[in-house]
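*Asks:* Need coordinates for the below:
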Amino acid sequence: MSEVRAGEELRPGLMPGDRQEWFRQLNLSNFVNAYYEYRDLQSLPGYQRVLVVGPGQGLDVQVLRWRGLDVTTVDVDETFRPDMIGSVHDLGTFADRSFDAVVASHVLEHLPLAYLPRALEELARVAEHALVYLPVHGRHAQLRLIPGFKGLDLSLVVDLFNYAARPDGVTPRYMQGQHYWEVGMRGFRVRDLVRRFTPHFEVLNVYRNRDWLPSQNFVLRSRRASAPVR
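*Replies:* Down below sits the predicted model:
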């Protein structure tokens, strides 16, 4: 999503650029991301009904449906052929706890900062658990050792040039004008994001995707999960 101005109002809108061309692309990162989504969903107690916000090229949706999950998709842009049209900050189409889990992979950074609390509130409302994957700013270097026995996989990741940026939350300066902020920037380091999530979620797991370094992944449980269904 990029910024759309109505007078002085800033609200979520469509991504800039050729979205049809982007939709036709398929990269290794799509396969890696689909694997990690399925792996993280398997770690949750009951994950049959899944909402995918921002399905992108749709590979993860196909994988999850292939594995027998009941998947619904929603996106603000009909280019990506979602089941429902809507924004992550307004999921009013869905009742409370309509899903076992909601997946928002590389979605929230497309929102102006003012909409982030509402988006988190909506994710926590519609599902018991959430997978929130976010982009890491800057360049990345990795030293990885896989000795080939006992399943050992040791990795050291160093992020370069991702601490000086100070996003204003109202200007999409990053990723060719698509992102308002990214992980590692001032105010958006992992500890900052955990603090932003905490009012709405219990953080179950936070990890760096070692197979796709630009992704920081959060596995969350809604603080509203125990509330009675209305």
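
*Asks:* hang on, residue 162 packs against residue 137?
*Replies:* Yes: at 4.0 Å, residue 162 counts as touching residue 137 under the criterion of Cβ atoms under 8 Å. Just so you know, the C-beta spots here come from the backbone N, C-alpha and C atoms, and that holds for glycine as well.

*Asks:* tell me, what's touching these two both at once?
*Replies:* Contact criterion Cβ atoms under 8 Å, 6 or more residues apart in numbering; residues shared by residue 162 and residue 137: 182-185.

*Asks:* Show only the entries of these found in strands.
*Replies:* In strands, judged by DSSP state E, none of the shared contacts of residue 162 and residue 137 are found.

*Asks:* ok, back up a step: residue 162 and residue 137 - which one has more neighbours?
*Replies:* residue 137 (25 against 18; other Cβ atoms under 10 Å).

*Asks:* The more buried one: what's it in contact with?
*Replies:* Applying Cβ under 8 Å, 6+ apart, the residues near residue 137 are 159, 161-162, 165, 174, 182-185.

*Asks:* which one of those residues is nearest residue 32?
*Replies:* residue 183 (17.0 Å; Cβ to Cβ).

*Asks:* Show the pLDDT at the residue nearest to the spatial centre of the chain.
*Replies:* Nearest to the mean C-alpha position of the chain, by Cα atoms, centre = their mean, lies residue 105 at 2.7 Å. With respect to pLDDT, residue 105 scores 97.

*Asks:* List the contacts of it.
*Replies:* For residue 105, the contact set (Cβ under 8 Å, 6+ apart) comprises 33, 37, 52, 54, 56, 60, 131-133.

*Asks:* Roughly how far does it sit from residue 159?
*Replies:* 20 Å (Cβ to Cβ, to the nearest Å).

*Asks:* again, but for residue 62
*Replies:* Residue 62 is 31 Å from residue 159, where distance means Cβ to Cβ.

*Asks:* quick one, which of these two is more surrounded?
*Replies:* Just comparing residue 62 and residue 159: by other Cβ under 10 Å the higher neighbour count belongs to residue 159, 18 against 13.

*Asks:* State the pair within the shared contacts of residue 162 and residue 137 that is farthest apart.
*Replies:* 183 and 185 (7.3 Å).

*Asks:* so who does residue 124 touch?
*Replies:* Applying Cβ under 8 Å, 6+ apart, the residues contacting residue 124 are 130, 200-201, 220, 222-224.

*Asks:* Including neighbour count and secondary structure, could those go into a markdown table?
*Replies:* Below are the contacts of residue 124 laid out as a markdown table (neighbours: other Cβ atoms under 10 Å; DSSP: H, G, I helix; E, B strand; the rest coil):
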| residue | neighbour count | secondary structure |
| --- | --- | --- |
| 130 | 26 | strand |
| 200 | 19 | coil |
| 201 | 23 | strand |
| 220 | 27 | strand |
| 222 | 24 | strand |
| 223 | 14 | coil |
| 224 | 16 | coil |
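
*Asks:* Output those as TSV; include the columns distance to residue 150.
*Replies:* Below are the contacts of residue 124 laid out as TSV (distance: Cβ to Cβ, whole Å):
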residue	distance to residue 150
130	33
200	38
201	34
220	31
222	36
223	38
224	41
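
*Asks:* Identify the residue spatially nearest to residue 36, adjacent ones excluded.
*Replies:* Of all residues not flanking residue 36 in the chain, residue 209 sits nearest, at 6.0 Å (Cβ to Cβ, 6 or more residues apart in numbering).
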